[in-house]
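*Asks:* predicted model, plus sequence, below.
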Amino acid sequence: MTNIWEEAALRANRVIAQPIGLTAEYPASQCFKNVQLADIPGVMEQKGFRIGAALMRRWFSSSAFTMPSGWKRTDATGFDHRLISPQYIDQTIVTMAWALRFGRTQEVLDELMRTIAGKMSPKSYQTSKDRLTNRLKRAGKLGAQAVPFGNSQSAVDLHETAHVNSRNVSANSVEKLTDPIDDMYCALGAFTLHAAAEGVVTPLQGKFGQASHRVEVHCLNFYLRDCYDFSGDQMLGNWTGTDIRTFLTSNLYMAENASFRQWRDAHRKGGDFLIFSDIHREKLSVPMTWDLKAF
């Protein structure tokens, strides 16, 4: 957490609100006077926050595991999600149909589509082309034959073979403070929406230094990726046994990232994991044509 207002809010909460209880295991087998961290999934479920509850239940039920810092950086050189053990990647709980029910996701998806189409800025447009070139080269698609790409049913595979661009959702401090408390807020908070291209790449007969391949993009495939972990300092709401609130009162119990780390140390459970959603496909009425340089 780097924003001064978020840091101030966290400090104020630590002073005014009571710390949430860490005694109960998950699932809680006895009653406690104070609200327990292990009670939070049940509170989410009562409020209809089904996805938030499911993700947190997975974390509580897993063996203790702290996410390596390198997994949080998708631009790390040589990093390939396909090499991570499937036990640390969830591809079933979060769906794009669910995510697109929230206006903030749809707004960013529309912006990302315009970016890839070159309607936002020349720099962003070139970034999309460069990223696809790198992914196709790594996948061995820039050869002497015309080949399809980006038709996998796995978002993890698309991320490594056809990724073109991404945008953060609810990542800045204003959005974090003003977003409504809903299932998206409890499940993911801030996350990244990604796009991968689907189409055909064909070799050209250009000279060295000129475009070597032509890409026709027929479809854009959208998916979200997030890290479900509790590194750093972040406030995660003020809780009662039946509700979550953002304002401060002395009769609430505050949860923060450190609460989950302390619970994991005490109970030897609590496993961080990566989230990939399923794929939302947007077929283009007019294919995009890009000339790429493989060499």
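*Replies:* That came through fine.
*Asks:* spell out the residue ranges of the helices in the stretch 51-200 of the chain.
*Replies:* Using DSSP state H, counting those that start in this stretch, the helices found in the stretch 51-200 of the chain span residues 96-99, 103-116, 122-138, 155-161, 173-178, 183-187.
*Asks:* residue 26: which of these is closest?
*Replies:* Shortest distance between residue 26 and the helices of the stretch 51-200 of the chain, using Cβ to Cβ, is found for helix 183-187: 16.4 Å. C-beta coordinates here come from the backbone N, C-alpha and C atoms, glycine included.
*Asks:* counting contacts, what elements does that closest one pack onto?
*Replies:* In terms of contacts (3 or more Cβ pairs under 8 Å, 6 or more residues apart in numbering; DSSP states H and E), helix 183-187 is packed against helix 50-61.
*Asks:* try 10 Å
*Replies:* helix 40-46, helix 50-61, helix 96-99, helix 103-116, strand 235-239 (3 or more Cβ pairs under 10 Å, 6 or more residues apart in numbering; DSSP states H and E).
*Asks:* make TSV from these and add distance to residue 138 to it.
*Replies:* Shown next, in TSV, are the helices and strands packed on helix 183-187 (distance: least, Cβ to Cβ, whole Å):
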stretch	distance to residue 138
helix 40-46	39
helix 50-61	30
helix 96-99	25
helix 103-116	19
strand 235-239	37
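*Asks:* residue 276 and residue 82 touch, don't they?
*Replies:* No. Checked against Cβ atoms under 10 Å, the pair residue 276 and residue 82 is beyond contact range at 11.2 Å.
*Asks:* so which of the helices of the stretch 51-200 of the chain is nearest residue 212?
*Replies:* Closest among the helices of the stretch 51-200 of the chain, using Cβ to Cβ: helix 122-138, at 9.6 Å.
*Asks:* then that closest one to PDB, C-alphas only?
*Replies:* Extracted C-alpha coordinates of helix 122-138, given in PDB (Å, rounded to 0.1, in the frame of the first residue of the first chain):
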ATOM      1  CA  PRO A 122      -0.600   5.100 -30.700                       C
ATOM      2  CA  LYS A 123       1.600   3.800 -27.800                       C
ATOM      3  CA  SER A 124      -1.100   1.500 -26.400                       C
ATOM      4  CA  TYR A 125      -1.800   0.200 -29.900                       C
ATOM      5  CA  GLN A 126       1.900  -0.600 -30.500                       C
ATOM      6  CA  THR A 127       2.100  -2.300 -27.100                       C
ATOM      7  CA  SER A 128      -0.700  -4.700 -28.200                       C
ATOM      8  CA  LYS A 129       1.100  -5.500 -31.400                       C
ATOM      9  CA  ASP A 130       4.500  -6.000 -29.700                       C
ATOM     10  CA  ARG A 131       3.000  -8.300 -27.000                       C
ATOM     11  CA  LEU A 132       1.300 -10.500 -29.500                       C
ATOM     12  CA  THR A 133       4.500 -10.700 -31.600                       C
ATOM     13  CA  ASN A 134       6.400 -11.800 -28.500                       C
ATOM     14  CA  ARG A 135       3.800 -14.400 -27.600                       C
ATOM     15  CA  LEU A 136       3.500 -15.800 -31.100                       C
ATOM     16  CA  LYS A 137       7.300 -16.000 -31.400                       C
ATOM     17  CA  ARG A 138       7.500 -17.900 -28.000                       C
END
